[in-house]
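Asks: Return atomic coordinates for the entry below.
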Amino acid sequence: MIFTTAQAQFVYDPVKGCNIDSNGDCIPNTVLSAMPFLRIVPDARSGALGDAGIALSPTSDAMHFNASNLAFSNNDFGLSTTFTPWLTNLGLNDVYLAYLSGYKSIDDLQTVGAALRFFSLGEINFTDREGVSTGTGRPRELEAAFAYARKLSPDFSAGITAKYVYSNLASGQQTEIGNTISAANAFAVDLSVTWEKELDLTSYESALKVGGAITNLGSKVSYTRNEVKDFLPANLGIGAALDLGFDEFNQLTFALDFNKLLLPTPVAFNIMDDDGNIIQNPEWDEDGNGVADYREKPLFGGVFGSFGDAQGGFSEEMSEINISAAVEYWYAKQFAVRAGYFFEHPLKGDRQFLTVGFGLKYNVYGFNLSYLVPTNNQRGPLDNTLRFTLNIDIE
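Replies: Below is the predicted model of the structure:
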């Protein structure tokens, strides 16, 4: 049987519509995936805007959110690099995310882009279940992405991104059942669209932009040859941004993003019947092979099924949507002040935080800084962390 003791303790209560603990209180049922580093927002601008970025004015960091947005860039070439310290509250200095992205306009209709993401997890001491050392390692993960964006009309663009991802977390180590852990490799694609329309809401320039993207749609992966494979963090994101220009010096942008992982919702191993008794959930393993059925779904079965597979029904599906809301103020297109808020449902991860930051632009160079402030007791790897991004944009 391939399940953990923790999984076997999950009990679903149909009356409350959630998994419960021994006290009958609802507990989290978080949607999990392999290689979650692919969903980390890489740049400091969006990092200051509550992780919003699907429909913002395009920079090379649109490679992460919505590559089709690159087709609306007014510049010929762009390049950005970001360094994000990770788990600084624990005093670690060798865990970080580095991101390098760029784009080049081919003509008025076509733009190509590329990005490289590297996630270092520092040095780790490995032990067996008795605590005996089995060596050390330096876990690391990598993503290489290449995008093509094209305007299909003056107001509408589409984009496609091809990705190669690599994850080496504990290569050469042994699992409890004797399988050798190896590195995982996968290929994935992003599909994205953007619509932009100029408006007459203010006396100066104003516009509304709406974007949508399906990202990290790719092959399932496994770190061992003999175990069930896991999904990449496929995601559906929809966002909008409203730009309001009051004069040549003052501009305000409001942004709102919604994101949902296109992954199966975990099914509880146990369920409470009509008489209040705890029984094994027949939906956990209908084929009787000892593996949770939700983990065995094929790629597209997991993606399309993710809109209606939660045991808690529609309300649980809605709770899997993360919300980012933000505002950005530019003065003379040289100085920006930003603030945002990110919300994740308490039963789906409970990440809730406020973000702030600023940006400076001089000639073709730009500098962005962001800072994250948690607003609940759920600790996160970026709590009270500064992020930095350097940009170059050439017309």
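Asks: thought Thr175 was touching Ser222?
Replies: No: between Thr175 and Ser222 there is no contact under CB atoms under 8 Å: 11.3 Å. Just so you know, the C-beta spots here come from the backbone N, C-alpha and C atoms, and that holds for glycine as well.
Asks: which residues touch the closest residue to Gly102 other than its chain neighbours?
Replies: Excluding the flanking residues, the one nearest Gly102 by CB to CB, 6 or more residues apart in numbering is Leu79, at 4.2 Å. For Leu79, the set of contacting residues under the criterion of CB atoms under 8 Å, 6 or more residues apart in numbering consists of Ser60, Leu100, Ser101, Gly102, Asn391, Ile392.
Asks: Give the ChimeraX command for selecting the buried subset of those residues.
Replies: Remark: buried members of the contacts of Leu79, expressed as a ChimeraX selection using 16 or more other CB atoms under 10 Å:
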select :60,100,101,102,391,392
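Asks: Looking at the contacts of Leu79, which is nearest Ile181?
Replies: Ile181 lies nearest to Leu100 out of the contacts of Leu79, by CB to CB, at 28.5 Å.
Asks: just to revisit the earlier point, quick check: the gap between the residue nearest to Gly102 and Ser60.
Replies: Leu79 sits 6 Å away from Ser60, going by CB to CB, to the nearest Å.
Asks: Can you check which residues contact both of the two?
Replies: Residues touching both Leu79 and Ser60 (CB under 8 Å, 6+ apart) are Ser101, Gly102, Asn391.
Asks: Can you get me a residue count around Gln311?
Replies: 19 (other CB atoms under 10 Å).
Asks: Now do the helices in this protein.
Replies: For the chain, the helices identified by DSSP state H occupy 5-9, 44-47, 62-65, 293-296, 299-305, 313-319, in order along the chain.
Asks: so which of the ones you listed comes closest to Thr385?
Replies: With CB to CB, the closest approach to Thr385 among the helices of the chain belongs to helix 44-47: 9.1 Å.
Asks: next one: the closest one to chain centre, how far?
Replies: Its chain's average C-alpha position is 13 Å from that of helix 44-47, according to CA atoms, centre = their mean, to the nearest Å.
Asks: How about stretch 72-85?
Replies: In terms of CA atoms, centre = their mean, the centre of stretch 72-85 is set 19 Å apart from its chain centre.
Asks: ok, Asp14 - contacts?
Replies: Actually, residue 14 is Pro rather than Asp. In this structure, Pro14 makes contact with Ile271, Met272, Gln311, judged by CB under 8 Å, 6+ apart.
Asks: tell me the pLDDT at it?
Replies: We have a pLDDT of 89 for Pro14.
Asks: Give the residue spans of the protein that score low on pLDDT.
Replies: Along the chain, the parts satisfying pLDDT under 70 run over 1-9, 90-91, 176-177, 226.
Asks: cutoff 50 now
Replies: Within the chain, the segments meeting pLDDT under 50 span 1-7.
Asks: can you map out the strands along the stretch 151-300 of the chain?
Replies: Assigned by DSSP state E, counting those that start in this stretch, the strands in the stretch 151-300 of the chain fall at 156-168, 184-199, 206-218, 235-245, 250-261, 270-272, 278-280.
Asks: Run a quick neighbour tally on the closest residue to Leu386 other than its chain neighbours.
Replies: Nearest residue to Leu386 in three dimensions, chain neighbours excluded: Tyr371, at 5.6 Å (CB to CB, 6+ apart). Neighbour count for Tyr371, taken as other CB under 10 Å: 17.
Asks: what comes up buried for stretch 138-155?
Replies: Those would be Pro139, Arg140, Glu141, Leu142, Glu143, Ala145, Ala147, Tyr148, Ala149, Arg150, Lys151, for stretch 138-155 by 16+ other CB under 10 Å.
Asks: Redo these as TSV? Include distance to Gly290.
Replies: Supplementary listing: those in TSV, determined by distance: CB to CB, whole Å:
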residue	distance to Gly290
Pro139	29
Arg140	32
Glu141	29
Leu142	33
Glu143	33
Ala145	37
Ala147	41
Tyr148	44
Ala149	45
Arg150	48
Lys151	51
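Asks: Just to be sure, which of those residues are found in strands?
Replies: Taking DSSP state E, the ones among these that sit in strands are Arg140, Glu141, Leu142, Glu143, Ala145, Ala147, Tyr148, Ala149, Arg150, Lys151.
Asks: Greatest separation within these: which pair is it?
Replies: Checking those against each other with CB to CB, the farthest-apart pair comes out as Arg140 and Lys151, at 37.3 Å.
Asks: who touches stretch 20-39?
Replies: When contacts are defined by CB under 8 Å, 6+ apart, stretch 20-39 is touched by residues 10-13, 16, 18-19, 97, 117, 119, 141, 143, 165, 167, 184, 186, 215-216, 220-221, 230-235, 261, 263-266, 268, 272, 316, 320, 346-350.
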